[in-house]
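> Dropping the sequence and predicted coords here.
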Amino acid sequence: MQVRQTPIDGLLMIEPARFGDDRGWFEETWNAQRYAAAGIGCDWVQDNHSMSSAVGTLRGLHYQKPPNAQAKLVRCTRGKIWDVAVDYRPQSPTYLKYFGIELDPQSGTQLFIPSGFLHGFVTLEPNSELQYKCSAPYAPESDGAIRWNDPDIGIDWPLEGDPVLSAKDEAAPLTSDVASPF
Ligand SMILES: Cc1cn([C@H]2C[C@H](O)[C@@H](COP(=O)(O)OP(=O)(O)O[C@H]3O[C@H](C)C(=O)[C@H](O)[C@H]3O)O2)c(=O)[nH]c1=O
């Protein structure tokens with residue numbers, strides 16, 4: 001297993017060890033002891049799995065407010081997505097900076113996103129699936145969102161045309177409209 005830093009402190013890329021043989025391959029997608037030794041010590045309490053049918057489906061930018069803030073361990077298990085995390089910690093030197101990465105089943109690459117970040121993704125292939133672990137349970141009363149094209153973040157999404165968005169995401173506020181709760 002390899003853990004790589006990103007330009008944003010705490011946001012990490014993980015390449016699980018994949019053991020191939022003439023049947024295919026095997027990999028551990030989570031191991032508490034091994035990941036803790038690499039600085040990822042989370043007690044996951046919920047697994048999520050979403051499927052997005054159309055290319056250009058964009059979910060985000062989402063977060064849960066404290067005390068229900070969530071760290072996430074994200075991987076793509078079908079198709080291909082471009083996953084993005086935004087530092088939403090006002091005291092951080094990388095506040096509102098983002099990091100995006102392509103995730104797909106072939107690489108098995110994972111992204112560890114600490115709490116205090118916005119999370120979103122856009123699909124690059126049809127019928128793409130995302131599976132991710134969360135360190136706090138779903139709490140609708142703590143649900144938060146920032147508009148995907150917030151000019152103060154300036155994400156350069158790999159999009160051709162308009163994204164497919166939920167009504168919630170279509171109407172999300174800008175960072176200039178709301179204060180970060182972190
Ligand atoms: C997030 C969540 C949703 N739901 C229900 C609520 C809705 O009836 C339905 C769809 O929810 P939503 O439109 O918020 O789903 P996404 O747009 O995929 O939201 C997620 O997208 C980004 C990428 C994230 O990182 C978050 O986990 C989450 O915000 O699932 C649940 O029952 N439990 C949950 O944990």
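Yep, that arrived. Numbering: from 1, shown residues only.

> Might one say that residue 79 is in contact with residue 122?
No - Residue 79 is not in contact with residue 122 according to CB atoms under 8 Å; the separation is 11.4 Å. Placement of C-beta: from N, CA and C, glycine included.

> Neighbour count for these two, which is higher?
Remark: of residue 79 and residue 122, residue 122 carries more neighbours, 24 against 20, as counted by other CB atoms under 10 Å.

> Would you mind listing what in the chain touches the ligand?
Taking CB under 6 Å from any ligand atom as the contact definition, the chain meets the ligand at 48, 50, 59-60, 62, 119-121, 138, 166.

> Let's have those residues in JSON lines, adding pLDDT and distance to residue 127.
As requested, the residues of the chain next to the ligand are exported to JSON lines (pLDDT from 0 to 100; distance: CB to CB, whole Å):
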{"residue": "48", "pLDDT": "98", "distance to residue 127": "17"}
{"residue": "50", "pLDDT": "98", "distance to residue 127": "11"}
{"residue": "59", "pLDDT": "98", "distance to residue 127": "14"}
{"residue": "60", "pLDDT": "97", "distance to residue 127": "19"}
{"residue": "62", "pLDDT": "98", "distance to residue 127": "21"}
{"residue": "119", "pLDDT": "98", "distance to residue 127": "21"}
{"residue": "120", "pLDDT": "98", "distance to residue 127": "19"}
{"residue": "121", "pLDDT": "98", "distance to residue 127": "14"}
{"residue": "138", "pLDDT": "98", "distance to residue 127": "24"}
{"residue": "166", "pLDDT": "98", "distance to residue 127": "18"}
